[in-house]
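Participant: missing the sequence, but the structure's below:
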């Protein structure tokens, strides 16, 4: 379990923060030559949109399921469950091939059925028991920084865009709609403690942490 704090920031906040973070911290090792990379996620939800309802009602314990790839590499896919308890988060994940991902997206849950593989069976039981189906694609550009003390990861997610229904998820050129009206999302994740250097670096006047969900924001066109 890790702590996770989020802020919604405007373009000026973004400009000031980015300059400060670049002066203090190294870019995450997963980032490209410009310090950022593209993240594409296909979210799954129940027929009654339980993940959306839990988020909007402020449920203390909740789960979100998504299929994700980075950049334009659709051959490297990861199926994830993000579990949230208060401000603490954890992830479970498994690798899927592109063929397996296509089967899952079409509703073929047998692709997850593997009695001798507990991680895959976890996803199989959740998908089967909750009737999960793909609902929306969420794509954004992420700039990430890392600070070893506290195992801190600081990210700024920009250009949040959505593809309702998720059709064409495995095609990086699929058209999207703007979802965030120019705002970006600052996230700070850490283990047991947040170093003072990071706490001061990410402070923005008149901003408070908020329960922001890129998934919920991206459902705006439903």
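Facilitator: Yep, that arrived. No experiment lies behind these values; they were computed from the predicted model shown.
Participant: quick one, helices of the protein?
Facilitator: Remark: helices assigned in the chain by DSSP state H are 11-24, 50-57, 98-105, 118-130, 196-201, 214-217.
Participant: Pull out the buried residues from the third one.
Facilitator: Within helix 98-105, the residues that qualify as buried are 100-101, 103-105, counting by 16 or more other Cβ atoms under 10 Å. Backbone N, C-alpha and C define where each C-beta goes, glycine included.
Participant: Kindly report the same for the second one.
Facilitator: Neighbour-count burial for helix 50-57, counted by 16+ other Cβ under 10 Å, picks out 50-52, 54-55.
Participant: The residue nearest to residue 115 when sequence neighbours are not counted: neighbour count?
Facilitator: Of all residues not flanking residue 115 in the chain, residue 121 sits nearest, at 6.6 Å (Cβ to Cβ, 6 or more residues apart in numbering). Residue 121 has 14 neighbouring residues, counting by other Cβ atoms under 10 Å.
Participant: ok, of the buried residues of helix 98-105, which one's closest to residue 157?
Facilitator: Proximity to residue 157 was ranked across the buried residues of helix 98-105 by Cβ to Cβ; first place goes to residue 101, at 22.6 Å.
Participant: List the contacts of the closest one.
Facilitator: By Cβ atoms under 8 Å, 6 or more residues apart in numbering, the contact set of residue 101 is 67, 77, 79, 170.
Participant: right, and the pair among the residues you listed with maximum separation?
Facilitator: Spanning the widest gap among these are 79 and 170, at 13.5 Å by Cβ to Cβ.
Participant: which residues of the chain score low on pLDDT?
Facilitator: Along the chain, the model assigns pLDDT under 70 to residues 32-33, 206-211.
Participant: Make sure residue 216 is actually in contact with residue 52.
Facilitator: Yes - contact between residue 216 and residue 52 holds when scored by Cβ atoms under 8 Å: they sit 5.7 Å apart.
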